[in-house]
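Asks: model the structure of this input:
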Amino acid sequence: WRAGTDAAALEDLLAYWEHEFDWRRAENELNQFAHYQVDVEDVDLHFIHEPSPDPRAIPLLIVHGWPGSVYEFHKLIPLLKSDAEHPFHIVAPSLPGYAWSKIRDGRGHNVNSAARLFRKLMVDVLGYEQFAVQGGDWGALVVRAMGVEYPSEVVALHTNMPLGMPIKGARGLYHGALVLRDLAAPWLSLDEEDQHSVSRLKEYLAAGSSYMFLNATKPEMLGVALNDSPVALASWILEKCHNWTDREQTPLSKDQILTNISIYWFTQSIASSCRFYLETLPLLESVQRSPSDGKYCSVPTGVASFPREVLPTPKQWVALAYNLKHWQRFRAGGHFAAWENPSALKADIALFFHHVLDWDQCRSEARLRQPRQGPTDSIVPVKSLTAAAIASGVLLFAIRARI
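Replies: Numbering: from 1, shown residues only. This next block holds a predicted model:
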């Protein structure tokens, strides 16, 4: 698995796909939800909409990532629906270019366009003037962009993959110095779990992120091959389902993995989903940075932290980039939280939006919010900034000298 998909595991999955997998059962599982399509900016936007009859219900947009689909929520949505004490109106769209959200042209469809499309879906199509958002993987970046760009409509944000993204200004300089210090010497200021997060982050960047650079530079080269061969497609997705999950505590079944693979195969959407990376990550000169990059997210934010997340972020990094109100660590689960540990994620979503926050008060406060560069208390003491910068420089020099 360290060099890629294990051949024996792939052969076993392919044999099961050919002889035992029941697509009709998977189809019925998907059809328990109400599916819709609407034309938004020339995108045939697919979404699940499960409204609650309860007048207290909070409109909740949940967003998946790659290489996932709305199928990731097949257990989370029923759990949310069945909780009468914590009602939600649930909206789960497919990202542009993913599964049934068909796009005319792959160019320009990225995190920022998805944020804009989903805002139009919630406000203009469904009539939810204010709403909550939740996401992981690309979904985490999309809902963060929505919080930055539409803070009067996005009342609060929950994520299972927070990113301590660098922000602009003096606070951003301090943030950058803090990140450098913690990467170089995590034992100086991080607790044991955050030290583990930094270790996993380094491991991912060094040995697990090659797919990202390929998707962000030459997605069509890969996409044509994956759309042509179900074996290649299964191999590509299986490796992520293996390496990004908590296999010991919350393993995905063959049926779950193959349902997701089958969605990509039947919709022939793997190429357009890979292109989402090229259109979002500014690795090429032709790609423009998202307007939300470098901006503080003023929307009240809750985090569910799972131990096998491949892009884990220490809490203090996140607190500099988000208006952090809630942080809950779990003992089981990985990158695909809604898929792997839906009961834990559901419990944290309900806790955050219905108990940690006063929803009515947050709605009133949201109406007064405007997009801005950073929080009102964003000025960092010069002594703190200087100390962090000097410490980072010294540590990095020492590490390079030892190398």
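Asks: could you look up the SS state of residue 85?
Replies: Following DSSP: H, G, I helix; E, B strand; the rest coil, residue 85 is assigned to coil.
Asks: give me the number of residues near it?
Replies: Look at residue 85: counted by other CB atoms under 10 Å, it has 8 neighbours. Any C-beta I mention is one placed from the backbone N, CA and C, and that applies to glycine too.
Asks: which ones are touching it?
Replies: Applying CB atoms under 8 Å, 6 or more residues apart in numbering to residue 85 gives the contacts 350, 354.
Asks: kindly report the same for residue 39.
Replies: Residue 39 neighbours (CB under 8 Å, 6+ apart): residue 45.
Asks: what's the answer for the one 3 residues further on, then?
Replies: Applying CB under 8 Å, 6+ apart, one finds that residue 42 lies in contact with 103, 104.
Asks: which strands and helices sit next to the helix or strand that contains residue 365?
Replies: Assigned by DSSP states H and E, residue 365 falls within helix 359-366. Judged by 3 or more CB pairs under 8 Å, 6 or more residues apart in numbering; DSSP states H and E, helix 359-366 is in contact with strand 154-159.
Asks: which residues sit against the strand it packs on?
Replies: Defining contact as CB under 8 Å, 6+ apart, one finds that strand 154-159 is touched by 130-136, 139-140, 143-144, 146-147, 297, 299-304, 322, 348-349, 352-353, 357, 359, 362-363, 366.
Asks: could you do stretch 202-211 as well?
Replies: Counting by CB under 8 Å, 6+ apart, 2, 183, 236, 240, 243, 310, 311 sit against stretch 202-211.
Asks: where does residue 60 land in three-state SS?
Replies: Under three-state DSSP, residue 60 falls in the strand class.
Asks: that one: what's it in contact with?
Replies: So residue 60 contacts 80, 88, 89, 90, 91, 131, 132, 133, 134, 349, 353 (CB under 8 Å, 6+ apart).
Asks: at 6 Å what do you get?
Replies: 88, 90, 132 (CB atoms under 6 Å, 6 or more residues apart in numbering).
Asks: can you list the buried residues in stretch 52-60?
Replies: Buried residues in stretch 52-60, counted by 16 or more other CB atoms under 10 Å: 52, 58, 59, 60.
Asks: what's the closest of the residues you listed to residue 30?
Replies: Of all the buried residues of stretch 52-60, the one with the least separation from residue 30 (CB to CB) is residue 60, at 19.4 Å.
Asks: so what's that closest one bridging to?
Replies: Legend: beta-bridge partners of residue 60 under DSSP bridges are residue 90, residue 132.
Asks: show me where pLDDT drops low in this structure?
Replies: Residue ranges of the chain with pLDDT under 70: 165-172, 175, 283-293, 371-403.
Asks: and the strands in it, which stretches?
Replies: 35-40, 43-50, 58-63, 88-93, 102-103, 131-135, 154-159, 297-305, 322-329 (DSSP state E).
Asks: and the first one, how far out from the chain's middle?
Replies: When you say that, I think you mean strand 35-40. 22 Å (CA atoms, centre = their mean, to the nearest Å).
Asks: rewinding a little: can you redo the strands of the chain as CSV with distance to residue 224?
Replies: Converted to CSV, these look like this (distance: least, CB to CB, whole Å):
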stretch, distance to residue 224
strand 35-40, 26
strand 43-50, 22
strand 58-63, 27
strand 88-93, 26
strand 102-103, 17
strand 131-135, 29
strand 154-159, 33
strand 297-305, 37
strand 322-329, 38
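Asks: closest to residue 343 out of the ones you listed?
Replies: For residue 343, the closest of these is strand 297-305, at 11.7 Å, according to CB to CB.
Asks: got the angle between the closest one and strand 154-159?
Replies: 30 degrees (axes from the mean of the first three to the mean of the last three CA atoms, to 10 degrees).
Asks: same for strand 297-305, what does it pack against?
Replies: Strand 297-305 is packed against helix 138-149, strand 154-159, strand 322-329, with contacts defined by 3 or more CB pairs under 6 Å, 6 or more residues apart in numbering; DSSP states H and E.
Asks: and it, how far from the chain's centre?
Replies: For strand 297-305, the distance to the chain centre is 13 Å (CA atoms, centre = their mean).
Asks: all the helices of the stretch 301-403 of the chain, residue numbers only.
Replies: Secondary structure of the stretch 301-403 of the chain (DSSP state H, counting those that start in this stretch): helices at 315-321, 337-340, 342-351, 359-366, 382-402.
Asks: kindly report the same for the stretch 151-300 of the chain.
Replies: Listed in chain order, the helices of the stretch 151-300 of the chain (DSSP H, counting those that start in this stretch) span 169-184, 192-207, 210-217, 219-228, 230-243, 254-267, 270-280.
Asks: list the buried residues in the third one.
Replies: The neighbour-count criterion (16+ other CB under 10 Å) identifies 211, 215, 216 as the buried residues of helix 210-217.
Asks: can I get it in PDB? Just the C-alpha atoms.
Replies: Presented in PDB, the C-alpha positions along helix 210-217 are these (Å, rounded to 0.1, in the frame of the first residue of the first chain):
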ATOM      1  CA  SER A 210       1.300  13.100  -5.400                       C
ATOM      2  CA  TYR A 211      -2.200  12.600  -6.800                       C
ATOM      3  CA  MET A 212      -3.000  16.200  -5.900                       C
ATOM      4  CA  PHE A 213      -0.200  17.600  -8.000                       C
ATOM      5  CA  LEU A 214      -1.200  15.400 -10.900                       C
ATOM      6  CA  ASN A 215      -4.800  16.400 -10.700                       C
ATOM      7  CA  ALA A 216      -3.800  20.100 -10.400                       C
ATOM      8  CA  THR A 217      -1.600  20.100 -13.400                       C
END
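Asks: about what we covered before: and the helix holding residue 365, how far out from the chain middle?
Replies: 25 Å.
Asks: now swap in stretch 316-324 and tell me
Replies: 16 Å.
Asks: that stretch: which residues count as buried?
Replies: For stretch 316-324, burial by neighbour count (16+ other CB under 10 Å) applies to 316, 317, 318, 319, 320, 321, 322, 323, 324.
Asks: with stretch 27-44 instead?
Replies: 33, 38, 40, 43.
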